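Peer 1: Model the following, please.
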Amino acid sequence: MATSSTTTPAVMSPPVAQREEDRVVYAGVAPKGWDVKLPRQSATSDEALLDPPVAIPDPYGWMRDESRKEQAVLDHLNAENDYTTSLTQHLESLRGTLYEEMVASIQETDYQTPRPQGNYYYYTRTVKGESYTIYCRAPKTDDISFPVQTWDGTQESPILPGEQVILNVNELAQGQKYCSMGSVKRSPSQKLLAYSADYTGGETCLFYVKDLDTNKVLHHDPKLEISGSLAWGADDSTLFYLKLDAAHRPYQVYKRNLATSTAENGADDQLLLEELDDLYWMGIYKSLDGRYLFVEASSKETSEIHFLDLHDPNATLQCIAPRRPKVLYEVSHREGQWWISSNVGNLPNMALFVTPAVADSASQWTLVQQGDTPLFPGSYQRSLDHVTCFAKHVVASGREGGIPRVWVLSMGDDTAATSVQDFQRLTFAEDAYDVGLGGHYEYETTQLVVGYDSMVTPQQSIEIDMTDLTQRVVLKEKAVPGYDSSLYATERTTVTARDGTTEIPVTLVYRKDVMEQHVASGEPVPTHLYGYGSYGACMEADFRATRLALLNRGIVYVIAHIRGGGEMGRQWYEEPNGAKYLCKKNTFNDFVDVARWLVDDRKLTAPEVFSCEGRSAGGLLIGATINQAPELFKVAILGVPFVDVVPTMIDASIPLTTLEWEEWGNPNEIKYHQYMMEYSPTQTIVTGAKYPACLLTGGLHDPRVQYWEPAKFAAALRHEQDSDTSGPVCVKLDMSAGHFSASDRYKYLKELSFDFAFLLDQLGLSDN
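Peer 2: Sure, this is the predicted structure:
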């Protein structure tokens with residue numbers, strides 16, 4: 001009789017990357033043989049360069065291949081993927097279970113809240129088994145009410161009567177390894193649709209114009225690559241778009257006449273504006289009333305906006321206010337007035353100004369007041385992020401007390417822009433939440449839609465009457481099958497940083513029974529700490545159905561709202577007390593301080609059941625964190641991590657590098673070089689230390705964080721750490737994606753399942 005036996009598949013050894021010990025890169029003045037066209041610092045910088053240049057060891061620099069075709073590099077990347085597959089092959093069943101749970105927690109056949117524009121409602125929907133979004137519209141009728149009552153929940157049934165599919169992204173994605181939409185814009189008559197699509201993950205798009213009556217593509221130039229941004233003119237004949245330079249920077253604004261354009265690659269399109277300063281990134285958008293096109297050129301610290309009157313066929317671009325060092329501003333239009341948010345005057349936060357809608361208006365900016373009280377003076381207490389202008393109301397979004405807020409300014413019937421009759425902040429029952437404006441396509445409306453959620457409350461779309469803020473209608477609640485909010489709880493607290501004065505906001509979410517058991521036993525609980533802390537971006541206390549896979553396995557999920565983000569206003573980001581330039585280390589120190597608090601003071605967890613995660617600049621955070629405190633964590637996930645900071649930031653030939661000099665500093669310059677070397681993860685690995693298990697992910701076509709960054713860090717970490725006591729170092733490179741991971745929603749969940757399975761396995765919870 002035959003007998004059966006179970007054997008554990010053999011695990012490969014990790015790849016041993018070749019080290020070229022004499023390979024270096026140079027920081028400072030241009031070394032011999034450097035391309036003189038590539039700057040070593042910005043044209044506006046007066047900081048001294050390192051002279052002579054300083055050599056920085058780069059033993060794995062051979063991994064950098066701009067062509068993505070060098071066989072030795074591809075072989076190494078494939079070897080990394082093979083090793084990761086080998087090490088995690090025993091987790092196939094767990095990955096499948098996690099994936100099934102994640103899919104089960106979303107309503108696969110669903111829709112986004114319909115929003116009105118002209119004679120139609122516009123919305124998107126998804127269908128079970130299909131990976132991409134479907135764009136739809138339906139005619140307005142008097143019998144349509146919200147929440148939607150007519151949909152029976154099936155994929156065959158229209159969401160609203162008369163539904164028309166205007167763009168099915170699933171059809172665009174056929175035969176493509178990747179497909180992500182850049183813009184989807186309806187023409188003023190709503191008879192045409194302009195859209196752009198990225199088929200590589202490299203954030204370079206092709207664009208199309210289709211007839212919504214015939215569903216035929218009228219315009220498509222396969223040789224014209226654009227940034228993805230599109231804007232219609234005053235009618236259906238004019239379209240604006242942006243071209244990219246060699247460094248992948250949007251730098252030229254073009255106008256296309258669809259009635260006459262025939263040449264390939266936009267050869268007969270009109271160039272309206274060109275930005276030659278490598279620090280500046282261009283963007284385009286229209287005012288909600290459709291009157292103006294705005295063209296923005298902005299760096300991390302300075303902006304300049306031009307406007308084009310779309311109602312005047314003879315109009316040319318004019319500047320609202322010329323760029324001034326370290327002055328940022330944004331513009332909206334309402335009733336002949338510019339509504340401007342700006343930090344002009346070295347304000348700690350953006351203030352709200354109003355001025356006549358004319359060129360060169362900087363001298364006329366006046367603070368918006370109610371009576372004698374400025375509503376947004378740019379103070380530390382209240383930050384302003386965005387302004388949306390309607391015919392009789394202005395809606396401001398920003399932050400107060402570390403929480404996102406929305407304010408409604410009622411202007412009444414008086415078109416004088418400064419006559420604010422009423423000023424109210426929207427309020428909600430929960431202490432910590434995320435709220436922001438939904439899509440609005442009509443200027444003449446009194447109905448405001450916001451999206452609201454929290455760590456335990458799934459997304460809601462709420463319509464609010466701006467003439468009476470107590471009148472609210474929940475248009476749609478996101479369905480999360482099987483979710484019972486009563487089983488979960490969330491906390492908002494603060495942790496004192498090592499400086500003794502800074503209070504770091506921290507948000508926790510967990511199952512109530514898990515916390516009750518911890519309180520009763522005092523035993524450490526598996527805990528996952530997430531952070532970002534760069535660019536002034538906020539990590540909100542929002543709801544993620546995929547997070548349930550961790551919570552339901554007994555993990556407490558924690559978000560550290562560390563400096564470098566914007567949670568407490570721009571001062572949380574900017575010098576001298578934020579986390580930028582020469583105070584960037586505050587980001588990493590805050591994260592470590594929160595981690596130590598969870599272990600030593602809150603006594604919630606312990607290093608053997610403690611994990612951390614960050615993505616992109618958050619990957620830098622995790623790299624710097626585990627170098628500073630490798631003993632604190634059992635496992636770390638670094639998604640598309642920016643971990644080779646100094647070698648990247650000295651080299652202007654790497655796409656988007658020069659833009660980042662105003663975020664981190666320029667290590668070619670004496671002022672920043674040593675400071676950046678002290679936290680650049682690949683250069684600061686602790687020799688002989690015990691490191692946590694690490695999973696590093698990347699995309700071969702990522703233009704923001706190049707694939708070689710995680711590959712180099714992994715090789716350096718294996719070389720330097722104590723291999724006997726440290727956890728495994730795994731690299732997972734997607735050979736067909738870019739910075740933003742998979743565009744296919746099901747593939748994305750499979751990738752997330754991979755990450756979670758690795759995490760659970762390393763924490764000893766794979767059977768939990």
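Peer 1: model confidence over the strand or helix carrying residue 623, on average?
Peer 2: Taking DSSP states H and E as the criterion, residue 623 maps to helix 617-628. Here helix 617-628 scores 98 as its mean pLDDT.
Peer 1: so how far is that helix off the chain centroid?
Peer 2: Chain-centre distance of helix 617-628: 18 Å, with C-alpha atoms, centre = their mean, to the nearest Å.
Peer 1: Each with direction, which strands does the helix or strand following that helix pair with?
Peer 2: Counting by DSSP H and E, the next helix or strand C-terminal to helix 617-628 is strand 635-639. Strand 635-639 has the following sheet partners, assigned by DSSP bridges: strand 610-615 (parallel), strand 693-699 (parallel).
Peer 1: Would you tell me which of these gets closest to residue 134?
Peer 2: Closest to residue 134 of the strands paired with strand 635-639, according to C-beta to C-beta: strand 693-699, at 25.5 Å. For glycine as for every other residue, the C-beta is placed from the backbone atoms N, C-alpha and C.
Peer 1: pLDDT averaged over that closest one, what's the number?
Peer 2: Strand 693-699 comes out at a mean pLDDT of 97.
Peer 1: Other residues contacting the helix or strand following it?
Peer 2: As assigned by DSSP H and E, the chain's next helix or strand after strand 693-699 is helix 708-720. Residues outside helix 708-720 that contact it (C-beta atoms under 8 Å, 6 or more residues apart in numbering) are 14-17, 19, 59-61, 63-65, 73, 76-77, 80, 619, 623, 638, 640-644, 648, 681-682, 685-689, 691, 694, 696-698, 729-731, 733.
Peer 1: Tell me which of those fall in strands.
Peer 2: Taking DSSP state E, the ones among the contacts of helix 708-720 that sit in strands are 638, 694, 696-698, 729-731, 733.
Peer 1: Columns neighbour count on top of the residues you listed, output as TSV?
Peer 2: Shown next, in TSV, are these (neighbours: other C-beta atoms under 10 Å):
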residue	neighbour count
638	31
694	28
696	27
697	23
698	31
729	27
730	23
731	25
733	21
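Peer 1: Pick the one among those closest to residue 274.
Peer 2: residue 698 (32.7 Å).
Peer 1: one step back: in helices only, show me the contacts of helix 708-720.
Peer 2: 73, 76-77, 80, 619, 623, 648 (DSSP state H).
Peer 1: where does the stretch 251-400 of the chain have low pLDDT?
Peer 2: 263, 265 (pLDDT under 70).
Peer 1: could I get the strands paired with strand 635-639 as CSV with distance to residue 142?
Peer 2: What follows is the strands paired with strand 635-639, written out as CSV (distance: least, C-beta to C-beta, whole Å):
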stretch, distance to residue 142
strand 610-615, 47
strand 693-699, 49
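Peer 1: Tell me which of those strands sits nearest to residue 588.
Peer 2: Taking C-beta to C-beta, strand 610-615 is the member of these nearest to residue 588, at 10.5 Å.
Peer 1: how close does the residue nearest to residue 127 when sequence neighbours are not counted get to residue 170?
Peer 2: Computed as C-beta to C-beta, 6 or more residues apart in numbering, the closest residue to residue 127 that is not its neighbour in sequence is residue 155, at 4.4 Å. Noted for residue 155: a distance of 12 Å to residue 170, by C-beta to C-beta, to the nearest Å.
Peer 1: any idea which element the one residue sitting closest to the centre of the chain lies in?
Peer 2: Nearest to the geometric centre of the chain sits residue 537, at 8.0 Å (C-alpha atoms, centre = their mean). When elements are assigned from DSSP H and E, residue 537 belongs to no helix and no strand.
Peer 1: Quick check: the gap between it and residue 662.
Peer 2: Using C-beta to C-beta, residue 537 is found at 15 Å from residue 662.
Peer 1: about what we covered before: of the ones in strands among the contacts of helix 708-720, closest to residue 767?
Peer 2: Relative to residue 767, and with distances defined as C-beta to C-beta, the nearest of the ones in strands among the contacts of helix 708-720 is residue 730, at 20.3 Å.
Peer 1: Would you confirm that the closest one contacts residue 694?
Peer 2: Yes - between residue 730 and residue 694 there is a contact at 6.9 Å, judged by C-beta atoms under 8 Å.
Peer 1: list the contacts for the closest residue to residue 725 other than its chain neighbours?
Peer 2: Excluding its sequence neighbours, the residue lying closest to residue 725 (C-beta to C-beta, 6+ apart) is residue 690, at 4.2 Å. By C-beta under 8 Å, 6+ apart, the contact set of residue 690 is 630-631, 721-722, 725-726.
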